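Trainee: Sequence unavailable; structure follows:
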């Protein structure tokens, strides 16, 4: 038997995810629903460039920049999406 614990931390946090891979979007939506956070987590099948300018306090990229064909344009779009005083957080592998 698998026990599912629903995420109750940070109930006022709202999260928008962006990805161009449809399978990843489907999986993320299933996970959000299974964890009971689908009311505050939206996952968009779109590039981050479609994000509203200045709309986010925190914009993150985890383990993906090294796979992007045009990382500079994605990083620029992330910077546009963050509000003044907000943070862009990049976590990635150290690769050539």
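Mentor: Received it, and whenever you're ready, just let me know what you need. Model, not experiment: these values are computed from the prediction. Numbering: from 1, shown residues only.
Trainee: ok, residue 96 to residue 90 distance?
Mentor: 17 Å (Cβ to Cβ, to the nearest Å). Any C-beta I mention is one placed from the backbone N, CA and C, and that applies to glycine too.
Trainee: quick one, which of those two is more surrounded?
Mentor: Using other Cβ atoms under 10 Å as the criterion, residue 96 and residue 90 rank with residue 90 on top: 14 against 3.
Trainee: What helix or strand is the residue lying closest to residue 16 once chain neighbours are set aside located in?
Mentor: Leaving aside its chain neighbours, residue 16 sits nearest to residue 42 (5.0 Å; criterion: Cβ to Cβ, 6 or more residues apart in numbering). Using DSSP states H and E, residue 42 sits in strand 41-45.
Trainee: which other helices and strands contact the helix or strand that comes right after that strand?
Mentor: Going down the chain from strand 41-45, the next helix or strand is strand 56-62, by DSSP H and E. If you count contacts as 3 or more Cβ pairs under 8 Å, 6 or more residues apart in numbering; DSSP states H and E, strand 56-62 packs onto helix 71-81, strand 82-91.
Trainee: average pLDDT for the strand holding residue 42?
Mentor: For strand 41-45, mean pLDDT is 95.
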